[in-house]
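[1] need a 3D model of the sequence below.
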Amino acid sequence: MDDPAPTSSSFVSGTNTAAGPKPWRMTLSALCCYLIAVGLARFAYTPLIPALVHDQWFSAAQAAYLGAANLAGYLIGAVLSRRLAALAPTAALLRIAMVIAALSFFACAAPAPFTWFLVWRATAGFVGAVLIILAAPFVLPHIAAERRGLAAGMMFVGPGSGIVLAGLVVPELLTVSLTATWIGLGLICAVLVAVAWSGWPAEHRAPPTPTRATDGPGADAAEPALWLLAAVYAIYALSSVGLVPHMLFLVDYVARGLGRGIVVGSYHWALFGLGAMIGPLVAGGMGDRFGFRLTLRLSLLIQATGVGVLALTPHPLALIGSSLLIGAFIPAISVLTLGRIQEITTGATAANAWRVATIGFAVGQAAAAYGLSYIFSATESYRLLYGLGAATILVAFAVDLLMDALAQRRATRA
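    Numbering: from 1, shown residues only. Have a look, this model is predicted:
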């Protein structure tokens, strides 16, 4: 018989009715996992771009394409994650992926051909996707249903923590050398691997996922309507496109585009990371309280505003606000999407839906990364990139409104 799910107090008090790590310990491991997967393996590269160009390791276009290679690797990892999960225990896969992510930093610690860096940046993206897709569904069934939004929010504090670390540590390490910076980031990853190593649940004790009420159509159905999940996938993928300009170009825009230097650019990246630390907690708490459908919709309008403002003005206050705001939504959109999926469906279906949503997110990111890199190489217009990003998020908002209208019509006919 499956072990019972932990009570709502178990997450807060740190006790667990099942054998194995306590809920807070499993959440900490997932936090470290996401810190490595996104906060460092992806986002620590952004403040390195101006230095890579300045020290002539790569041209500006090559540096941008290396960032895009990470997202392409992420897409491949998202597609193959389910097949990998069938080959080995989830905890073992998570540990292996974290180790490889750490090794990818050490592999880039010396000047090397572009192809070498391309392979390792793609590898970092690949294992990052494996970590993102497997960690949360592995841990969340061990958390009480009414606390899962908060727990997911705590997990997604990891990316923001990595961004803050990169924004503060990278400029200091760069005063030594680029090599020292790559090695320092690898050592930070190694410490996180050690912290997370023993905090995963035993797979044979995974409790069943209690059914959560949904605020959308299909609440009484055994399986959700495919169109409802398809809408979530589309919104998540479109959001990923709109967020790419900040993810790839924020530091370079401030440092080179506005001529304010890498130190100022890195401080904006630290603000971006500070927002990313706060955003998922706020989003998860609001989702638990007001429902993830409403919270997700509101978030799309705020995201479009935060991205679009940089297409209009480079004013310092606009840069500060945009850095904080979009930093918050980089992980928060994942929390809200995961929560929305769990409102719609449960169990293995929810885990597979999260994998499909992540693939869609990865497709959007990779396509946007290469597409925007091409547009930037042709125009060198940062404002154009942010304008396109805001427009794409508004399309996601329109999709959400359309799906809501369809849902109301469906309910009326029923």
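[2] show me where pLDDT drops low in the stretch 101-250 of the chain?
    144-146, 148, 203-225 (pLDDT under 70).
[3] show me which residues of stretch 291-299 are buried.
    Residues of stretch 291-299 classed as buried: 291-293, 295-297, 299 (neighbour count, 16 or more other CB atoms under 10 Å). Every residue, glycine included, has its C-beta placed from N, CA and C.
[4] possible to save these as TSV with secondary structure?
    Below are these laid out as TSV (DSSP: H, G, I helix; E, B strand; the rest coil):
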residue	secondary structure
Gly291	coil
Phe292	helix
Arg293	helix
Thr295	helix
Leu296	helix
Arg297	helix
Ser299	helix
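[5] in TSV: those, plus distance to Ser177 and pLDDT.
    Supplementary listing: the buried residues of stretch 291-299 in TSV, determined by distance: CB to CB, whole Å; pLDDT from 0 to 100:
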residue	distance to Ser177	pLDDT
Gly291	50	86
Phe292	45	87
Arg293	49	87
Thr295	44	92
Leu296	43	92
Arg297	47	91
Ser299	40	93
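[6] just those now: which is nearest Arg383?
    Lowest distance from Arg383 to the buried residues of stretch 291-299 (CB to CB) belongs to Ser299, with 23.4 Å.
[7] around Thr175, count how many other residues there are.
    9 (other CB atoms under 10 Å).
[8] one more: Val241?
    Using other CB under 10 Å, the number of residues around Val241 comes to 25.
[9] does it touch Val363 like I think?
    No. Taking contacts as CB atoms under 8 Å, Val241 lies outside contact range of Val363: 9.3 Å.
[10] show me the common contact partners of the two, please.
    By CB atoms under 8 Å, 6 or more residues apart in numbering, Val241 and Val363 have no common neighbours.
[11] how much space between Thr115 and Leu66?
    From Thr115 across to Leu66, the span is 11 Å (CB to CB, to the nearest Å).
[12] could you check which of those two has the larger neighbour count?
    Leu66 (23 against 8).
[13] skipping its backbone neighbours, what lies nearest that one in space?
    Arg121 (4.9 Å; CB to CB, 6 or more residues apart in numbering).
[14] next, the buried residues of the host helix or strand of Gly242.
    Per DSSP states H and E: Gly242 is located in helix 226-252. Neighbour-count burial for helix 226-252 flags 228-229, 231-252 (criterion: 16+ other CB under 10 Å).
[15] pop out the phi and psi values for Pro89.
    phi -60, psi 150 (degrees, to the nearest 10).
[16] list the contacts for the residue nearest in space to the middle of the chain?
    Against the mean C-alpha coordinate of the chain, by CA atoms, centre = their mean, the closest residue is Pro331 at 4.8 Å. Neighbouring residues of Pro331 by CB under 8 Å, 6+ apart: 34, 38, 156-160, 276, 279-280.
[17] right, I'll leave it there.
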